[in-house]
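Asks: Provided below are the primary sequence and the corresponding predicted coordinates.
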Amino acid sequence: MQIAIPENRDIEASRFLAGLDMDWQRLVTLAGPCAIQRREQREPYEALVRAVAHQQLHGNAAAAILARLMANFPHAGFPSPEQLAAADATELRSCGLSMAKVTAIRGIAAATLAGTVPSAVRAAEMSDEELITRLTSLKGIGRWTVEMLLIFTLGRDDVLPVDDFGVREGWRLLKNLPEQPKPIALAVISEQWKPYRSIAAWYLWQAAALGKSGALISDKEKLQ
């Protein structure tokens, strides 16, 4: 099992969030130092293909599909944009991909060859919104998918996926609210989490997980 070692920026972010109020302090204490696992060695193209493969699937099922996909292109590591753009749809379907995912993946490959999907070097020069606008023009790629790319592949520290169920549920549990906040309301609330909203999202995902076990309930709430 791979364990992420917190980077200095993550430690600084954890301390910043813990200093916001008592609820954040309790969450950071329970969850521990931020252990977000980034994959900054991956190109945006690969991250997008992997994201499409994972859509609406359990992680293990998606991993099996990706393993079969890579096995179809031996000695190449992850298949290149040229390989996927030229691949036969039947061949890709045999890996377990739906026709919609095959179309999306081949579209990502073609867009990479055309320069629409930037390299990691080029993406580093682009703003979050520039990347979101450009990449959501691709079939099968929504804002949430690009936000995951920004956080986990490009290592952006200040991205909050306000539509994410786990993030909204984590905030509901953290603040003991009767219902999840609307995305627009959460966007306003999150202004105080800048410039570490990606790390805040990680902690709210932990809050959602802790909430299922009851570990997030404070002693005061237990007595009510």
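Replies: Great, that's in hand.

Asks: quick one: the strands in the chain?
Replies: Per DSSP state E, the chain has no strands. Nothing in it meets that criterion.

Asks: could you pull out the helices for it?
Replies: The residue ranges that make up the helices of the chain, judged by DSSP state H, are 8-18, 22-31, 44-54, 59-71, 81-86, 89-93, 99-114, 120-123, 128-135, 143-148, 165-174, 183-189, 197-213, 219-223.

Asks: CSV for these, including mean pLDDT, distance to residue 156 and mean neighbour count?
Replies: Every C-beta, even on glycine, is put in place using the N, C-alpha and C of the backbone. As requested, the helices of the chain are exported to CSV (pLDDT from 0 to 100; distance: least, C-beta to C-beta, whole Å; neighbours: other C-beta atoms under 10 Å):
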stretch, mean pLDDT, distance to residue 156, mean neighbour count
helix 8-18, 92, 11, 17
helix 22-31, 95, 21, 16
helix 44-54, 94, 12, 22
helix 59-71, 92, 23, 14
helix 81-86, 94, 23, 16
helix 89-93, 93, 30, 14
helix 99-114, 95, 20, 19
helix 120-123, 95, 10, 14
helix 128-135, 97, 6, 16
helix 143-148, 94, 9, 20
helix 165-174, 96, 15, 20
helix 183-189, 97, 16, 14
helix 197-213, 93, 6, 21
helix 219-223, 46, 34, 7
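
Asks: Spatially, what comes nearest to the residue positioned nearest the centre of the chain if we skip its sequence neighbours?
Replies: For the chain, residue 148 is the residue whose C-alpha lies nearest the centre (C-alpha atoms, centre = their mean; 2.8 Å). By the measure of C-beta to C-beta, 6 or more residues apart in numbering, the closest residue to residue 148 outside its immediate chain neighbours is residue 51, 6.3 Å from it.

Asks: Kind regards, and thank you for your time.
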